[in-house]
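>>> have a look at this fold, sequence not included:
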């Protein structure tokens, strides 16, 4: 990833709780306390400077609203399309993404080689699903074989899961994604019922932990979330149907919640017109109204609440709407915290999500104070500049 030296002058800079005026200096891609002699300058006067946003639930390979097309279409198309999805995310101000269900070492190498503009890129590889689980794209009446695709792999049994986890970590996965409840996008599984046996979940979390990694679990209901965290899962994706007792159990165990409010809102408003099937539309209606409530329940219990988008196909352009929805639920300051420090803690990188000395030189310059005008977080017109590793992207 290309980096350079830059000084951003005259802006109000986020310090984790509020803004204070100071010049921000970036040298060789990292924040420093002094400018480089040859640094470029960016006039930040009248602007409000935030750390670059982190999307902890991104899908580079989600090219379609059809599950089988996503899984079995040409990988070359998915990868090229994925580069466009990543570049657009960066221009919205997301300077780091965690791809949970998809991605691979080849795409990561292309990012590292600066073959295209991209957020910092972490991937899990294909998510693990039981037969008939959320990662199995077959409907009940379809009699075809499916074992794996670009975003999901069907793996049953303790020893098969152990091998699958080891192979993902061998090939550069940042974390492991597992499906532990039904989902909106899958066609043959009820939403609330837990998936995988306790022994199967535990072998995944134990193998990941042995390598210093962790497991992110797709889970909606309190029953599925408890099934996940009791067996070692660290990151709960979605969690729309949790109750207060489950949220407290998450907080007690140090589990994170990554809400994905943009996805349900986008599928509700736009799903039918772009061809989302009737089964998924009906499932989406079950979780749509509960997402913002789940964020509030989790925050009240002391859960570390991050941010994710989870947008498939043409819905990708609603990424910033997800920021608005989360700000509506939790307020601007908490949403900034979710987009920056919480997600940085989740991915285990202290250099992300901050503008302190030693942090990545990733920043978003806004035209308005987002604590006074929360819409500045989500309005494209409010973005004066996106900076990554000291390089002005827009």
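Received, thanks. Predicted model only: the values in this text are computed from it and were never measured. Residues are numbered from 1 along each chain as shown.

>>> now stretch 22-36: how far from the chain's centre is it?
28 Å (Cα atoms, centre = their mean, to the nearest Å).

>>> what of stretch 353-367?
Worked out by Cα atoms, centre = their mean, stretch 353-367 lies 19 Å from the chain centre.

>>> measure that stretch end to end?
20 Å (Cα to Cα, to the nearest Å).

>>> could you number the chain from 665 rather than 1 from now on?
Yep, numbering from 665; the last one is stretch 1017-1031 now.

>>> which strands or helices does the helix or strand hosting residue 743 pack on?
Here residue 743, judged by DSSP states H and E, is contained in helix 739-755. Using 3 or more Cβ pairs under 8 Å, 6 or more residues apart in numbering; DSSP states H and E, the elements in contact with helix 739-755 are helix 769-776, strand 1047-1052. All C-beta atoms are positioned from the backbone trio N, CA, C, and that covers glycine.

>>> and the shortest one, what does it pack onto?
Other elements packing on strand 1047-1052 under the criterion 3+ Cβ pairs under 8 Å, 6+ apart are helix 739-755, strand 758-763, strand 1027-1030.

>>> residues near residue 1036, how many?
9 (other Cβ atoms under 10 Å).

>>> for residue 782, same thing?
Burial of residue 782 is recorded as 25 neighbouring residues (other Cβ under 10 Å).

>>> could I get the contacting residues of residue 952?
Applying Cβ atoms under 8 Å, 6 or more residues apart in numbering, we find residue 952 in contact with 928-929, 932.

>>> for residue 901, give the beta-bridge partners.
residue 882, residue 922 (DSSP bridges).

>>> quick check: residue 927 vs residue 884, distance?
In this view, residue 927 and residue 884 are 12 Å apart by Cβ to Cβ, to the nearest Å.

>>> run the chain-centre distance for the helix holding residue 743.
Worked out by Cα atoms, centre = their mean, helix 739-755 lies 15 Å from the chain centre.

>>> what does the helix or strand residue 999 falls within rub up against?
Counting by DSSP H and E, the element that carries residue 999 is helix 996-1001. Contacts to helix 996-1001, defined as Cβ under 8 Å, 6+ apart, come from residues 678, 680-681, 714, 963, 969, 971, 987, 990-991, 1034-1035, 1038, 1041.

>>> rewinding a little: highest neighbour count among the contacts of residue 952?
residue 928 (27 neighbours).

>>> name the element it belongs to?
Short version, using DSSP H and E: residue 928 is in helix 925-934.

>>> the following helix or strand past that helix to helix 925-934, inter-axis angle?
Going down the chain from helix 925-934, the next helix or strand is helix 942-952, by DSSP H and E. Computed by axes from the mean of the first three to the mean of the last three Cα atoms, to 10 degrees, the angle separating helix 942-952 from helix 925-934 equals 130 degrees.

>>> and helix 942-952, which residues are buried?
For helix 942-952, a neighbour-count test (16 or more other Cβ atoms under 10 Å) marks 944, 947-948, 950-952 as buried.

>>> so which residues make contact with the following helix or strand past that helix?
Per DSSP H and E, the first helix or strand lying C-terminal to helix 942-952 is helix 955-965. By Cβ under 8 Å, 6+ apart, the surrounding residues in contact with helix 955-965 are 902-908, 911-912, 914-915, 921, 923-925, 928, 969, 989-990, 992-994, 998.

>>> for the buried ones among those, write the corresponding ChimeraX selection.
Filtering the contacts of helix 955-965 down to the buried ones (16+ other Cβ under 10 Å) takes a single ChimeraX command:
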select :902,903,904,905,906,911,912,914,915,921,923,924,925,928,969,989,990,993,994,998
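
>>> can you show me the helices along the chain?
731-736, 739-755, 769-776, 822-834, 862-874, 886-893, 908-917, 925-934, 942-952, 955-965, 983-994, 996-1001, 1007-1011 (DSSP state H).

>>> who are the packing partners of the shortest one?
For helix 1007-1011, the elements it packs on are strand 717-722, strand 758-763, strand 920-922, judged by 3+ Cβ pairs under 8 Å, 6+ apart.
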